[in-house]
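Engineer: got a predicted model here, sequence first, then my questions.
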Amino acid sequence: MNITVSAHLHFCGECQRQVIEYESVAAVLFEQQAAIAVAKDGFANLMERIESQPVSKPSKIRTAPSRFPPVVEKLMTQGTDALSWKKPMKNLRVSQLLTDEQGLTLGLHHMKAGCRVPQHTHRGREISLVIEGGFSDQMGSYGVGDFITLSTEHHHSPQADADGDCWLLSLVEAPVRLTGPFGWILNPFIKA
Amino acid sequence: MASAAIKTGRDNIGRVMTQQQIELREHFANQLEKVAASQDTHAFEAIYTHFSPLIKSFGISSGLSYQGDHLPEELVQEVMLSIWRKAHLFDRRKAAPSTWIFTIARNQRIDILRRLRKYQNDLNADDVWELTSDTDLFGEIRDTRIQKNVNRELRHLPPEQKQIVAKVFLEDKSHQEVANELNLPLGTVKSRVRLAMQKLKLTMGVNEL
């Protein structure tokens, strides 16, 4: 969840500004706390630790502006082609990035430009964030930085915008389920 | 007329506070830059002396000590180590030293809790919650405008609102957790947070900036 929010912040100046405000409030409160004495030998221990460890080079400064939000790039250092992909539905490929503490799975979804994914619904709550391109479905159209929440009551057939592929980050509690006329035949073959 | 007089008084208090804050901020920004430029251990010790008791305090108030008595001290060590290593990333135009150090402490606390739960993945909290924003959009605003407002307004918050704001923003507790802790209805907690945020002039900044 944090990764998705962080990725959204990459696109959304308004939310970034709010986070900065909240951090500033926290920092002011942080400064106003009652000081609590630390261990006497703390600084000596710390310096010993610093001296005994090899000097680490200053971390790399980001070279070219990255394509996806930095937090997403860090999950696919070898690029998108090196990820393992599944094709749960026509015109959609999905790669699982990781599963978080709450058991939510973070995935990357890729739809080819202009392609439509068959009508389906979701077994649990699904939160998506558009990180490149855009798509539309029966409920609206979405662009980079937009969050979309879907659940069992939503049936949709998303179509990627014609002018480029659409990439989404998605958080799912459970795999999707096809609801189109022949969906029930395919459902047993869908794996998360 | 009366209200105008009160308002001026408030502003004066605000300015006195802010002057002290500015000096402190300048001082520690200089020290951080010295650490970055020449690995100056005296500057580093000055930072340690001022901030480590605050980091420990944060470790305790945010509940780390429930997981282990040694953890607040461990947090101090990890945060200070991180400051030493990342001092070159500090940018005084983007963040006040206290804000920068607070964000490191927050991230290190998350990492300590995740290590305890044996939950690991390829990302650590610094990857998710970046220390310095990529954008220059806010630059000076972050320091001057927001911190000044917050500093001034925080002094005038009723204690019960300030207490709740500290629990939510600093100690990283959910509204529900705060309600349980203080034995208050959830709605009361929520409305106090909302009131406090209005007084701190948060979330409506669009018109201000």
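Structural biologist: Everything's here; your move.
Engineer: quick check: which helices or strands does whichever helix in chain A runs longest pack against?
Structural biologist: Taking DSSP state H as the criterion, chain A has its longest helix at helix A:13-31. Where contact means 3 or more CB pairs under 8 Å, 6 or more residues apart in numbering or on different chains; DSSP states H and E, helix A:13-31 is packed against helix A:2-11, helix B:41-61, helix B:97-116, helix B:148-155, helix B:205-208. Bear in mind the C-beta positions are built from the backbone N, C-alpha and C, glycine included.
Engineer: tell me the domain ranges of chain B?
Structural biologist: Following automatic domain parsing, one gets these domains for chain B: B:2-138, B:157-209.
Engineer: per-residue pLDDT, the residue in chain B positioned nearest to chain A?
Structural biologist: When scored by CB to the nearest CB, chain B has residue B:53 as its residue closest to chain A, at 3.5 Å. In this model, residue B:53 is scored at 95, pLDDT.
Engineer: before we move on, the earlier item: take the helices and strands packed on helix A:13-31 and lay them out in TSV including mean neighbour count and distance to residue A:20.
Structural biologist: Formatted as TSV, the helices and strands packed on helix A:13-31 follow (neighbours: other CB atoms under 10 Å in any protein chain shown; distance: least, CB to CB, whole Å):
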stretch	mean neighbour count	distance to residue A:20
helix A:2-11	20	10
helix B:41-61	21	19
helix B:97-116	21	8
helix B:148-155	19	11
helix B:205-208	10	10
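Engineer: just for chain A, where's the confidence low?
Structural biologist: A:55-65, A:101-102, A:174-192 (pLDDT under 70).
Engineer: please, where are all the strands along it?
Structural biologist: Using DSSP state E, the strands of chain A run over A:86-89, A:92-99, A:105-111, A:120-122, A:126-132, A:135-137, A:140-142, A:147-150, A:159-160, A:166-172, A:176-178.
Engineer: would you mind measuring from the residue of chain A most remote from its centre to chain B?
Structural biologist: The C-alpha centroid of chain A is most remote from residue A:40, which lies 43.1 Å away (CA atoms, centre = their mean). Distance check for residue A:40 against chain B: by CB to the nearest CB, to the nearest Å, it reads 11 Å.
Engineer: hang on, the earlier thing: okay, the strands of chain A in JSON lines with distance to chain B and mean neighbour count next?
Structural biologist: Listed next are the strands of chain A as JSON lines, based on distance: least, CB to the nearest CB, whole Å; neighbours: other CB atoms under 10 Å in any protein chain shown:
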{"stretch": "strand A:86-89", "distance to chain B": "20", "mean neighbour count": "16"}
{"stretch": "strand A:92-99", "distance to chain B": "5", "mean neighbour count": "17"}
{"stretch": "strand A:105-111", "distance to chain B": "10", "mean neighbour count": "21"}
{"stretch": "strand A:120-122", "distance to chain B": "24", "mean neighbour count": "21"}
{"stretch": "strand A:126-132", "distance to chain B": "14", "mean neighbour count": "21"}
{"stretch": "strand A:135-137", "distance to chain B": "26", "mean neighbour count": "20"}
{"stretch": "strand A:140-142", "distance to chain B": "23", "mean neighbour count": "14"}
{"stretch": "strand A:147-150", "distance to chain B": "17", "mean neighbour count": "16"}
{"stretch": "strand A:159-160", "distance to chain B": "27", "mean neighbour count": "21"}
{"stretch": "strand A:166-172", "distance to chain B": "13", "mean neighbour count": "22"}
{"stretch": "strand A:176-178", "distance to chain B": "23", "mean neighbour count": "20"}
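Engineer: just give the nearest non-adjacent residue to the residue of chain A found nearest chain B, would you?
Structural biologist: Of all residues in chain A, residue A:35 sits closest to chain B, at 3.5 Å by CB to the nearest CB. With CB to CB, 6 or more residues apart in numbering or on different chains as the criterion, residue A:35 has its nearest non-adjacent residue at 3.5 Å, and that residue is residue B:53.
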